[in-house]
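Student: quick check, what structure comes out for this input:
(one chain, ligands or ions: 2)
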Amino acid sequence: MSATSEPAQLLSGQLDWPSLPAMQQPTWPDVDTLARVRAELAASPPLVFAGECDVLRDRLADAAVGDAFVLQGGDCAERFSEATADNIRDRVKTILQMAAVLTYGASTPVVKLGRLAGQYAKPRSKDTETRGEATLPAYRGDIINDFEFDEQARRPDPQRLLRAYHTAASTLNLVRAFTTGGFADLRHVHEWNRGFIANAAYARYESMAVEIDRAMKFMLACGVDFASSPMSSVEFFASHEALLLDYEQPLTRIDSRTGDRYAVSGHFVWVGERTRQLDGAHVDFAARIKNPIGVKLGPTADPDEVLRLIDILDPEREPGRLTFITRMGAGTVRDALPSIVQRVTDSGAKVVWVCDPMHGNTFEAPSGYKTREFDAIIDEVQGFFEVHEGLGTVPGGVHVELTGNDVTECLGGSEKILDADLEKRYETACDPRLNHQQSLEMAFLVAEMLSRRSRV
Ligand SMILES: O=C[C@H](O)[C@H](O)COP(=O)(O)O
Ligand SMILES: C=C(OP(=O)(O)O)C(=O)O
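Tutor: Numbers count the residues shown, from 1 in each chain. Ligands and ions are numbered 1, 2, ... in the order given. Modelled structure (predicted):
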């Protein structure tokens, strides 16, 4: 999805994947259908190209040293039925707006990485869900089963892998059209605000957009050629958790330029907190692909284990290859993060440090809804910046669950969403997301932190 890369020639390269323990996988009731589906995926065209993944790796290398900042955001669990043009457009617009706020507010290039077109599988704390007298398999994402609470819907269905592939393809198609077809041109910075409900963050954004407009007119008057400049289209990359190996493994291809294997389900994939075992199948999968990759690190991550992950996943210490997405919790980040960052830095590895301030701050509200406090989310990002400032290392980005819709899933923000409001528009299929206004508010607050960031 980069404006600058040529699609690399990719050949389907089947591999007998080693049989290693894999956490969080479904038990498929129909293994013959699964085998047929895997074969069909293996023969399908790639969703992304190797050359695009390489461009992203270069951008992430810039973020590792503070020459760029990563904004990774999107749905917690993408639903097939919600992959509509309006939803995709609003999510992309929200990310473009946040990126504009960060770029303008902190004079820093922003690497835009959607959590989309593949975020269909969810790791769960429990295998089952109980409602009243009934206990059924937990919802594990649309790629595995359905959110409806009935026996048939919750049965894992391998045909869903093909639906995921086609939904990802149509999502990416639209995202490519939005980001390279003129819509993402910075001269449309006002238009990205249209269609959203007017509110405090919206108004603040609007006044920033006026300043951007004025700066653009100034540059135009100075003779800058916007038609052929990077203003008229943006690089926008797709990412998701590489959780469901029956989907990810057949969607790898060999790059004919180099003989290297790439995941072609997304530009960037990450290994989750629950599946990052050193001897597990997910880490092995990530080690075998050439894409830039991420690993989530929660508050129990052990520095020795983190160094082993670097040896396995980035033995060549390639700039931009490895991103650690830390998700410690607001109350823990200032204590748990420094020793990890210090040990990694001492080892000489140059990773990208990204803060996910969502997953360590989830709790159940008295109403029973799973939620997160806006202030805790901001506090974790603040703690993340403080830790890096203290160690002289680079806070390289943020990773956020968000939607362009006006949902009520996270508490607080300037709209002051309360527990009693959660029921109004609680639409997530798994974890609570920031709504459009909260996302913009967060971008303004992070831009302030970023503009104070020291250079290393
Ligand atoms: O998104 C992350 C996990 O899939 C999610 O937090 C798990 O939620 P659960 O604890 O309700 O299973
Ligand atoms: C499951 C997720 O996060 P974590 O692995 O950090 O819990 C996620 O980002 O969807």
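
Student: V111: what secondary structure?
Tutor: The three-state label given to V111 by DSSP: H, G, I helix; E, B strand; the rest coil is strand.

Student: quickly list what it is bridged to.
Tutor: V70 (DSSP bridges).

Student: wait, it touches R59, no?
Tutor: Yes - if you go by CB atoms under 8 Å, V111 and R59 touch, sitting 4.5 Å apart. The way it works is simple: take the backbone N, C-alpha and C, and place the C-beta from them, glycine included.

Student: who touches both of these two?
Tutor: Shared contacts of V111 and R59 (CB atoms under 8 Å, 6 or more residues apart in numbering): 68, 235.

Student: ok, those two, which is more surrounded?
Tutor: V111 (25 against 22; other CB atoms under 10 Å).

Student: gap between that one and D86?
Tutor: According to CB to CB, to the nearest Å, V111 and D86 sit 26 Å apart.

Student: what parts of the stretch 301-450 of the chain come near ligand 1?
Tutor: 359, 430-431 (CB under 6 Å from any ligand atom).

Student: contact residues of the chain facing ligand 2?
Tutor: So far as CB under 6 Å from any ligand atom goes, the chain lies against ligand 2 at 76, 123, 241, 272-274, 296, 327, 359.

Student: want to throw those into TSV with neighbour count and pLDDT?
Tutor: TSV is the format used below for the residues of the chain next to ligand 2 (neighbours: other CB atoms under 10 Å; pLDDT from 0 to 100):
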residue	neighbour count	pLDDT
C76	20	98
P123	19	98
E241	26	98
G272	22	98
E273	20	98
R274	16	98
K296	23	98
R327	25	98
H359	21	98
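
Student: please narrow the residues you listed to those residing in strands.
Tutor: Cross-referencing those against strands under DSSP state E gives 241, 296.

Student: which one of the residues of the chain next to ligand 2 is nearest E148?
Tutor: C76 (17.9 Å; CB to CB).

Student: give the contact list for the closest one.
Tutor: Per CB under 8 Å, 6+ apart, neighbours of C76: 119, 122, 401, 428-433.

Student: just give me the closest of these to Y262.
Tutor: Closest approach to Y262 among the contacts of C76 (CB to CB): Q119, at 18.8 Å.

Student: tell me the secondary structure at that closest one.
Tutor: Three-state assignment for Q119 (three-state DSSP): coil.

Student: tell me the phi and psi of it?
Tutor: phi -90, psi 60 (degrees, to the nearest 10).

Student: find the closest residue to ligand 2 in this protein.
Tutor: G272 (3.1 Å; CB to the nearest ligand atom).

Student: that residue: what's it in contact with?
Tutor: Here G272 is in contact with 24, 123, 241, 243, 282, 296 (CB under 8 Å, 6+ apart).

Student: and stretch 121-137, C-alpha only, in PDB?
Tutor: What follows is stretch 121-137, C-alpha atoms only, in PDB (Å, rounded to 0.1, in the frame of the first residue of the first chain):
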ATOM      1  CA  ALA A 121      -9.100 -13.800  15.400                       C
ATOM      2  CA  LYS A 122      -9.100 -13.200  19.100                       C
ATOM      3  CA  PRO A 123      -7.200 -14.900  22.000                       C
ATOM      4  CA  ARG A 124      -9.500 -15.400  24.900                       C
ATOM      5  CA  SER A 125      -9.000 -15.800  28.700                       C
ATOM      6  CA  LYS A 126     -11.600 -18.600  28.800                       C
ATOM      7  CA  ASP A 127     -12.500 -21.300  26.300                       C
ATOM      8  CA  THR A 128     -16.200 -21.000  27.200                       C
ATOM      9  CA  GLU A 129     -18.800 -18.400  27.900                       C
ATOM     10  CA  THR A 130     -21.700 -18.900  30.200                       C
ATOM     11  CA  ARG A 131     -25.000 -17.000  30.100                       C
ATOM     12  CA  GLY A 132     -27.600 -18.100  32.500                       C
ATOM     13  CA  GLU A 133     -27.800 -21.900  32.300                       C
ATOM     14  CA  ALA A 134     -26.100 -22.200  29.000                       C
ATOM     15  CA  THR A 135     -22.300 -22.600  28.500                       C
ATOM     16  CA  LEU A 136     -20.900 -22.500  24.900                       C
ATOM     17  CA  PRO A 137     -17.500 -22.100  23.300                       C
END
